[in-house]
Every structure is written in structure tokens, then in C-alpha cells.
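**Q** Need a 3D model of the following:
(one chain, ligands or ions: 3)
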Amino acid sequence: MKKRIWMAVPVVAMMAVLCLTGIYQSRQHAFAQISFNDMMAAAERGEIDEAVIGKNGRVRLYFEDGKRAEAPNPNHDEFVLSLLKLDVNVTEKGTRATVGEGLIFSLILLGVFLGWRQKSPGLIRPEKGSVQTAVPDLRFCDVAANQEAVDCMRELVHFLKEPERFVKYGARLPRGIMLYGPPGTGKTLLAKALAGEAGTSFFSVNGSDFVQVYVGVGASRVRDIFRKARKAGGGVIFIDEIDAIGKRRDSGNDEREQTLNALLTEMSGFSPADGIVVLAATNRLDTLDEALLRAGRFDRHIEVGLPDQAERLKILEVHARNKPMAEDVCLVHLAAETTAFSGAQLESLLNEAAITAAQRGEGHILQKDVEAAYLKVLVGSEKSRAGEDPYGEKKITAYHEAGHALLMHLLLPGQKVTRLSILPSTRGAAGYTLSLPEETLFQTRKQLMHTMITLMGGRAAEKTVFGEDMMTTGAAGDIRRTRAIARRMAEEWEMGVSGDVQRDAKALFDEAGQRAEDMLKANRNALDELAQALMLQETMDGKTFLQIMEKTCPDTINA
Ligand code: ADP
Ligand code: MG
Ligand code: ZN
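**A** Ligands and ions are numbered 1, 2, ... in the order given. Okay, the predicted model is just below:
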């Protein structure tokens, strides 16, 4: 018997809802009636938060301060556009509301009626750029690895806390910082940690939020976020996936162009006293419009790369902090087994393991949970081969990079090997940097040849160590650059012997390849040691590199 009474409760509640909604909707006087011109004036002053365009020829306006009003609807397409341009959220109603939506809408209205915060119902509010403003509760200690990026952020903490002090000393700080690197490497995390550490607001938007159907909306959203940050007395503005607006201007996309221009204007417009730091994230730096990367804009570029073995251990430790790991789980071992995993994948691995363990409920995360999670993350990842190495790629890459580095050391005293890596990076596979020394007044034939030999060092190592069959396509970029130099030597600088440009270029190119092979064969011991160390550590700094060189080929140092 009791049960039946309870079953009636939802029905009664439902009726109450519909009833109250009806009452609510009939209470027209809750909306002050204003003229079209008053509405547009208020929109221009930025007072209107949302406009709901109804079927009844009226527009309902929700003001920032909680007031409500109704104005006539001119029923013209341009009208919606002009509201959007003025930063008003526009919802067109009545044309496609289904029964479900209607019911939900009624419930929301009931909520409003009962005095809920009018702004909360996300269902009738199109999310505008999803700007978040709370102070994040993340700190630098939540970021493992990425030390270079963290150090850079550290400098900014003081600035965010006390911009006035920096203004007083006339110090100029980086305006915009571009974080670039593969997905899941901690770019968002870094930006949040900066705001968290400084205790300032975090304004986060996604580049794709700016790309709208209506021309001009993106631009106004850019201005909006800067205005909000200024109003909040400063903070961190984070533009994720900036590629969406910042791609090179090729396609003549008006909307993107306008948005980008608005961003550039805002970036050059704010002063240090505003206490605003703008961070942006992208997977690829080279696809961005150069205007974005120029001085005074995003002029500080920080690579946020995949973690190497030591860094993976640190990341695993951060995420194991709050988890009951059994004693048989060895994070060192796990770090060694997860080559090319991103921080996000490592986090998700431990999380999966925790879920499995929690379901079993024995109190600890066991090694077998970790193993199961490892497979799950591998299968679920984009590059499902992360962590596996069926073709011995790691070894080939190690030799390839070691080949470049060794020859650079032997042949180009003006250049230093500062960092070596065999982890995939977004700038291509190259794990070393060879900057062609353009600063010198001129280059000799010998210098040019040495540069070419160094460029061919990767391919030469593949060939020498693994044989012709194992040459890889990874050397394509090196070969292109070498060929370009050979061509200019033959054509522009008359450095060939035969006078036939084609033939001279080919001869120079072949010479470089041959000499690279010869030198690597002569220094095979050094090459092996370097490659071994690289396979083990995945990355190497300049100091370690020099130590290996001193040990393995002390006499050949060309200083
Ligand atoms: P991105 O923005 O580069 O795509 P995220 O910052 O969104 O990457 O990373 C997703 C999650 O992965 C983070 O919230 C964090 O849990 C984990 N993570 C990524 N990198 C690190 C790191 N360096 N240290 C600790 N955790 C990390
Ligand atoms: Mg991110
Ligand atoms: Zn190479």
C-alpha cells in the first residue's frame, strides 16, 4: 500500500512543475518592456548577458545585473549578428524545441522561479567561449618533468603577484608565451599551475571557440576575455589549441583573420600594470602565422616535449602519490617500459590500474593491475605502437642521431651538441640541432662540405650499422638540406670541378655521403657508445655527450 503512495509522488511533482511553469510564464510583468533602441544601447554598454529570441515577436533580455526585459524583435538576420558582435549570448527559441526540451525548459524555469541563480542553467545558455575564471588548485609540484617550462613560469609568478613592482623598475616581461609540443605533455597543466602558484584567476579558452559562423564574433570574444581579465585585476589567459585561429593566413578566411587581428591588437594593447600573462598552446609551432610569434606577441617559445625515462619516473611518482601502490609495483621498471608515452598517458595508466584495483577491493594496486592498464592505454592510444618497438626503431634512431652528433663534434668546432634525443618531437624526428652558421661573413668550401657531411651523418650511420636494407625515410629532411647546399655550391659559388651544375652538385652530394660513412667507420667505437647511451637514456645533455667523446675519441677533437 505504502508503495503506491510513493509512486504518486513523481506525478504530483510533475503536475506542480507544469502548473508553476504556467504561472511563471503568465507573469509577463517580470519582464520590463523596453524599446528596440534601449535594447541596443544596453547591449552596446555590455549590460546584456543573454537574449532569447522567442516566437511571439519579442526578445527576452537577461541583464548582467539580474534584471530582465522584453523588447520587440525586428525579425531580421542582421539583428542576431549585431547582438552577437556586442557579446550577447543569443538563443533562438521555439523553432525546434522538442517535447523533451520543453520539459527541461519548464524545469529550468521552475528553478528560476524558486530563486535559483539565473545564470546556472547551461541548457538554455550557449556556452560562450567557456571561459573559466577560478584560481586553479594546481601548483608547480604537480608538474613533473618540463623543467625549462617550469623555470620560465616561476619568473612570472612574482610578476603576477606584484606587477607594480616590475613596472616601477621598468622591467619588460614576456607578453605571450607559446607552449608547443605533442598532446598530453602538460601544457594546460603548466598554465594552470602558474595561475595556481600565483593565486590569480585563470581565463581559459579554446581556439576553436573563436571560430564561429558569424564574422566578427570571434574578434569580440577575444576582446571579451581580455576585458574580463582586466576587470579581475589581472591573471593568466590561456588560449588552448591556438592553431584554430593562428594558422598561417592562406585560405583567406575572414573570420579567422579578424579574430587573429583582434588578438594581436589586444596583445600589444595591454600594459604591464594590467598584470596579465598570456599563454597559448599548440601541437605544432611551424603551422602558426608568423605575425603571432613576433616580438611583443608570443615571443617566448617553450617546447614541452615527451618525457624521457627519468622524467617519466617523476611523472609516475607524482600520480602515484595519492594511490596505495603494492610493494611489487616498480615504477622505475614501468618508466623504462613506457618510451614515447606522454604525461597524460602515464597518468591514465595509473588511473586505470587504480580503477581495476578498486573494483577488486583488496586495498592495494598490484603489479598485475598496472600491467593490464598498460595494455589498455596502449590499445587506446592514437599511436597504438607507443611503448612497443617491433622494428627496432629506437635503435636505428639512436644510431642515426649519434651519427649526426659525432660528425658535428668532429667537423664543426663552431657548433656545440647541446642536447640529443631519440624521442619523437613535433619538429620532426631530429634530436639534435644544427644551425647553419649564417652569421659569418662567408663560408669556405671546406666548411660547407663539413656541414653537408654532418647532415649526412644520420643516413650514413643507418647504412654503416644496419646495411643498405635498413636505410630509413627518416633521413629525407637531411638529404634535402644537403642537396640544397650542394646545388648552391655548384650553381652560385662555382665550387664544382666540371662546370656542369647538375653533375657538380651530384658529385658534391655523393662526396659528403661517402665521407660521412668513412668517418663513422673510423670512429665506430665512439658511435656505438653514443648510441648505446642514447638507447638507455633516450635524451642526453651536452655535458654527458662531451664525456663520452673524451673517453672514446680524445685525439680527434677538432677544436
Ligand atoms: P596538454 O595540454 O599538453 O595536452 P595536459 O596538461 O592537458 O596536456 O595533460 C593532461 C594530464 O596529463 C594532466 O592533467 C596531468 O594529469 C598529466 N600530465 C601531463 N604532463 C604531466 C607532467 N609533466 N607532470 C605531471 N602530470 C602530467
Ligand atoms: Mg591541453
Ligand atoms: Zn637526421
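
**Q** how about the residues of the stretch 351-500 of the chain that lie near ligand 3?
**A** The stretch 351-500 of the chain comes close to ligand 3 at residues 458, 478, as judged by Cβ under 5 Å from the ion. C-beta: built from backbone N, CA, C; applies to glycine.

**Q** Would you pull up the residue in the stretch 351-500 of the chain closest to ligand 1?
**A** Relative to ligand 1, the nearest point of the stretch 351-500 of the chain is residue 351 (8.7 Å; Cβ to the nearest ligand atom).

**Q** same question, the chain
**A** Of all residues in the chain, residue 343 sits closest to ligand 1, at 2.2 Å by Cβ to the nearest ligand atom.

**Q** the strands in the stretch 201-350 of the chain, which residues?
**A** Secondary structure of the stretch 201-350 of the chain, counting by DSSP state E, counting those that start in this stretch: strands at 202-206, 235-240, 276-282, 300-303.

**Q** Now do the longest one, average pLDDT.
**A** Strand 276-282 shows a mean pLDDT of 95 in the predicted model.

**Q** name the helices or strands packed onto it?
**A** Using 3 or more Cβ pairs under 8 Å, 6 or more residues apart in numbering; DSSP states H and E, the elements in contact with strand 276-282 are helix 147-161, strand 176-180, helix 187-198, helix 217-231, strand 235-240, helix 243-246.

**Q** low-scoring stretches of the protein, by residue?
**A** Applying pLDDT under 70 to the chain picks out residues 1-29, 55, 77-78, 93-133, 212-213, 249-253, 380-391, 425-441, 555-559.

**Q** Does residue 136 touch residue 201 like I think?
**A** No: counting by Cβ atoms under 8 Å, residue 136 does not reach residue 201; the two are 9.2 Å apart.

**Q** returning to what we had before: next, count neighbours for the residue of the chain closest to ligand 1.
**A** 27 (other Cβ atoms under 10 Å).

**Q** tell me the contacts of it?
**A** 144, 145, 184, 185, 186, 189, 307, 315 (Cβ atoms under 8 Å, 6 or more residues apart in numbering).

**Q** One more pass at 7 Å, please.
**A** Contacts for residue 343 were tallied using Cβ atoms under 7 Å, 6 or more residues apart in numbering; they are 145, 184, 185, 186, 307, 315.

**Q** circling back: can you list residues touching both of residue 136 and residue 201?
**A** Joint contacts of residue 136 and residue 201 (Cβ under 7 Å, 6+ apart) are residue 195.

**Q** picking up where we left off before, any idea how far residue 323 is from the residue of the stretch 351-500 of the chain closest to ligand 1?
**A** In this view, residue 351 and residue 323 are 9 Å apart by Cβ to Cβ, to the nearest Å.

**Q** Packing partners of the helix or strand where residue 484 lies?
**A** Assessed by DSSP states H and E, residue 484 sits inside helix 476-491. Under the contact definition 3 or more Cβ pairs under 7 Å, 6 or more residues apart in numbering; DSSP states H and E, helix 476-491 sits against helix 445-455, helix 457-466, helix 501-522.

**Q** Would you agree residue 225 is in contact with residue 203?
**A** Yes: assessed by Cβ atoms under 7 Å, residue 225 is found in contact with residue 203 at 5.5 Å.

**Q** mind listing the helices in the stretch 251-400 of the chain by residue range?
**A** 254-269, 290-293, 309-320, 331-336, 343-360, 367-380, 393-411 (DSSP state H, counting those that start in this stretch).

**Q** For ligand 3, what's the nearest residue on the chain?
**A** Nearest residue of the chain to ligand 3, counting by Cβ to the ion: residue 458, 3.2 Å away.

**Q** Okay, that residue and residue 553: tell me how far apart.
**A** For residue 458 relative to residue 553 (Cβ to Cβ), the value is 18 Å.

**Q** Over to residue 509?
**A** Using Cβ to Cβ, residue 509 is found at 26 Å from residue 553.

**Q** More neighbours: the two, which one.
**A** A count of neighbours by other Cβ under 10 Å puts residue 509 above the other of residue 509 and residue 553, at 21 against 18.

**Q** and the nearest residue to the more buried one once chain neighbours are set aside, how many neighbours does it have?
**A** Excluding the flanking residues, the one nearest residue 509 by Cβ to Cβ, 6 or more residues apart in numbering is residue 486, at 4.3 Å. Other residues lying near residue 486 total 24 when counted by other Cβ under 10 Å.
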